[in-house]
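Engineer: show me how the following folds:
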Amino acid sequence: MGKRSSQRKKVTLGDSDDDDSLSSSSTSRSEVMLSQGIEDVQLDKESSLDQALDALYEKRATTRERALSSILEAFSSSLQHLFVEKKFATLLHQCLNSIKRGSAKETSLASHAIGLLALTVGHGENAHEILDESVLPISQALKSSFESSKVSGLVECLAIVTFIGANDPEETERSMQIMWQLLHPKLGSNVVSRKLSADVIAVVVSAWSFLLTTMDGWKLNPKNWQESISYFSNMLDKDDRSVRIAAGEALALIFEVGSLEKFFVEPKGLGDNSIHEENTQRGGLAHLQGLKGKILNQVRNLSTEAGGKGSVKKDLNSQRNLFRDVLEFLEGGYCPETSMKIGGDSLSTSKWSQLIQLNFLKRFLGGGFVKHMQDNEFLHEVFDFMPKRKHLSGSEHHLSSGEKRMYKSPNSVVNKARTQLLNKQRMLSQGRNAGHYAVGFGDEEP
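Structural biologist: The predicted model follows:
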């Protein structure tokens with residue numbers, strides 16, 4: 001986004017004291033009307049959100065879907081703090097109702113809206129309330145959902161609300177377990193076996209990794225994750241590149257976390273009850289080293305994979321680049337360093353955890369990513385990122401692209417007010433000049 005000057009240009013009508021007074025007075029009125037115009041637009045946007053929220057009570061599904069789309073657009077394009085202060089609970093519970101009763105499309109839209117709501121409120125009691133209220137409905141919806149868009153939306157929502165709202169490792173692991181059950185279900189009388197699409201698998205693995213970035217490896221419950229390294233290693237052999245890339249990032253993160261004993265299963269027969277405890281430890285270490293060697297070979301092959309028939313060059317390059325970074329990390333301990341421009345500021349990452357967080361949030365926010373990175377204080381804290389800002393005074397205001405278009409429109413409240421003032425100023429100026437010359441001509445008469 002562009003930067004606005006902190007100095008507003010004033011209209012000068014003349015050099016006399018009266019002209020200076022008129023200029024100052026006119027500028028003051030102009031600023032007041034400009035401020036009023038901005039407030040009118042903000043009230044109009046809030047009114048539109050109120051209407052969209054009311055529409056979530058409608059029986060017609062298409063009406064609710066359109067309302068949710070409007071809410072998503074508003075929350076993506078700017079931070080709706082004032083609206084959230086007034087309607088936080090209502091919006092949350094209406095979106096949860098959509099998850100419970102809505103179609104796949106409505107559920108996906110409502111899930112995204114809840115995630116944006118959590119990003120808007122940031123850390124605190126409201127974020128934890130979102131997590132508490134959402135976990136059960138999301139978990140139940142996932143058990144009965146088969147549509148790819150619905151499952152993906154629910155999982156991404158769970159990841160976002162947990163990332164922001166979880167107060168302790170147990171809450172984060174609870175959400176990670178819900179995701180893991182999708183990937184690696186323990187079949188029983190209450191579990192329905194289903195085959196997830198490659199796209200959904202990639203989303204779930206990415207969401208799981210996103211939450212792992214917040215965890216201290218030593219606090220993980222080993223019983224929950226002992227099969228994860230083997231599982232992700234097997235995923236590196238899958239046909240779909242998005243699955244391989246997601247698994248590669250997950251493995252790099254697990255090795256970065258460092259608590260590898262949490263993530264692997266010891267060979268059978270070498271459990272805690274073994275008489276030869278020393279042999280058990282050696283066996284476990286040998287198993288881990290062997291698994292790491294296997295992963296190293298897989299990563300090396302994927303970093304140089306040749307394109308096959310029908311392969312997309314962009315996807316192939318993404319895979320190669322990712323696994324070259326993973327290979328360099330596994331062999332030498334070097335994490336990839338990245339830098340991207342947010343407006344005129346640089347956002348840098350130097351760890352796998354940071355890169356995974358950045359990529360996940362960038363995908364989730366889509367077109368709203370830059371706006372949120374510039375204005376969202378929660379994201380500033382996450383990435384230790386502080387954009388350069390001009391300290392605007394008085395009625396000056398950071399405008400969204402939508403607001404700028406409205407203000408530039410010849411029919412906008414602001415432009416109409418400005419036009420009226422300029423016209424009035426011209427008339428006053430012309431009147432003063434005409435009076436001045438008239439006096440002059442009169443003085444010249446004999």
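
Engineer: distance check, residue 79 against residue 116.
Structural biologist: 10 Å (Cβ to Cβ, to the nearest Å). Just so you know, the C-beta spots here come from the backbone N, C-alpha and C atoms, and that holds for glycine as well.

Engineer: where does this structure have its least confident helix or strand?
Structural biologist: Of all helical and strand segments in the chain, the minimum by mean pLDDT, DSSP states H and E falls on helix 401-408, at a mean of 47.

Engineer: burial measure for residue 180, as a count.
Structural biologist: The number of residues packed near residue 180 is 20, by other Cβ atoms under 10 Å.

Engineer: contact partners for residue 300?
Structural biologist: With contacts taken as Cβ atoms under 8 Å, 6 or more residues apart in numbering, residue 300 has the following neighbours: 323, 327.

Engineer: ugh, wrong one, I meant residue 204
Structural biologist: With contacts defined as Cβ under 8 Å, 6+ apart, the neighbours of residue 204 are 151, 155, 179, 182, 183, 196.

Engineer: from residue 306, how far out is the second one?
Structural biologist: If you measure residue 155 against residue 306 using Cβ to Cβ, the figure is 33 Å.

Engineer: the first one now?
Structural biologist: Counting by Cβ to Cβ, the gap between residue 151 and residue 306 amounts to 33 Å.

Engineer: more crowded one of those two?
Structural biologist: residue 151 (25 against 7).

Engineer: pLDDT (mean, whole number) over the helix or strand encompassing the more buried one?
Structural biologist: Under DSSP states H and E, the secondary-structure element containing residue 151 is helix 148-165. When pLDDT is averaged along helix 148-165, the result is 97.

Engineer: could you point out which element follows that helix?
Structural biologist: helix 169-183.

Engineer: which SS state does residue 386 fall under?
Structural biologist: Taken by DSSP: H, G, I helix; E, B strand; the rest coil, the conformation at residue 386 corresponds to coil.

Engineer: quick one, what contacts it?
Structural biologist: Applying Cβ under 8 Å, 6+ apart to residue 386 gives the contacts residue 380.

Engineer: show the backbone phi and psi for it.
Structural biologist: Summarising the backbone geometry of residue 386 under the convention degrees, to the nearest 10, its torsions are phi -130, psi 100.

Engineer: so it versus residue 346, what's the distance?
Structural biologist: The spacing between residue 386 and residue 346, counted by Cβ to Cβ, is 11 Å.

Engineer: show me where the stretch 51-200 of the chain has its helices.
Structural biologist: Counting by DSSP state H, counting those that start in this stretch, residue ranges of the helices within the stretch 51-200 of the chain are 61-77, 81-101, 104-121, 125-143, 148-165, 169-183, 198-212.

Engineer: redo those as JSON lines? Include distance to residue 290.
Structural biologist: Formatted as JSON lines, the entries for these read as follows, by distance: least, Cβ to Cβ, whole Å:
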{"stretch": "helix 61-77", "distance to residue 290": "47"}
{"stretch": "helix 81-101", "distance to residue 290": "44"}
{"stretch": "helix 104-121", "distance to residue 290": "40"}
{"stretch": "helix 125-143", "distance to residue 290": "35"}
{"stretch": "helix 148-165", "distance to residue 290": "32"}
{"stretch": "helix 169-183", "distance to residue 290": "23"}
{"stretch": "helix 198-212", "distance to residue 290": "23"}
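
Engineer: so for stretch 200-209, mean pLDDT?
Structural biologist: Regarding stretch 200-209, the rounded mean pLDDT is 97.

Engineer: tally of neighbours for residue 150?
Structural biologist: By the criterion of other Cβ under 10 Å, residue 150 has 23 neighbours.

Engineer: equivalent analysis for residue 251, please.
Structural biologist: When neighbours are defined as other Cβ under 10 Å, residue 251 has 26 of them.

Engineer: show me what contacts it?
Structural biologist: Counting by Cβ under 8 Å, 6+ apart, residue 251 has contacts 229, 232, 233, 236, 295, 299, 326.

Engineer: repeat that for 6 Å
Structural biologist: Shown here is residue 251, whose contacts under the criterion Cβ atoms under 6 Å, 6 or more residues apart in numbering are residue 232.

Engineer: may I have the phi/psi pair for it?
Structural biologist: In terms of degrees, to the nearest 10, the main-chain angles of residue 251 are phi -70, psi -40.

Engineer: rewinding a little: quick one: residues in contact with the helix holding residue 151.
Structural biologist: Residues lying outside helix 148-165 but in contact with it, judged by Cβ under 6 Å, 6+ apart, are 104, 107-108, 111, 114-115, 118, 127-128, 130-131, 134, 138, 141-142, 145, 172, 175, 197, 200, 203-204, 207, 210-211, 364.

Engineer: what's the angle between it and helix 169-183?
Structural biologist: Helix 148-165 runs at 170 degrees relative to helix 169-183, counting by axes from the mean of the first three to the mean of the last three Cα atoms, to 10 degrees.

Engineer: and helix 148-165 with helix 198-212, angle?
Structural biologist: Regarding helix 148-165 and helix 198-212, their directions subtend 0 degrees when assessed with the same axes, to 10 degrees.

Engineer: low-confidence ranges in the stretch 1-150 of the chain?
Structural biologist: 1-46 (pLDDT under 70).

Engineer: ok, the stretch 301-446 of the chain next?
Structural biologist: Scanning the stretch 301-446 of the chain with the threshold set as pLDDT under 70 gives 307-312, 389-446.

Engineer: and the helices in it?
Structural biologist: Secondary structure of the stretch 301-446 of the chain by DSSP H, counting those that start in this stretch: the helices cover 313-332, 352-365, 369-375, 377-383, 401-408, 413-444.

Engineer: give me the buried positions along the second one.
Structural biologist: By neighbour count, with 16 or more other Cβ atoms under 10 Å as the criterion, the buried positions of helix 352-365 are 352, 353, 354, 355, 356, 357, 358, 359, 360, 361, 364, 365.

Engineer: show me the contacts for the first one.
Structural biologist: The contact partners of residue 352, by Cβ under 6 Å, 6+ apart, come to 252, 253, 256, 335.
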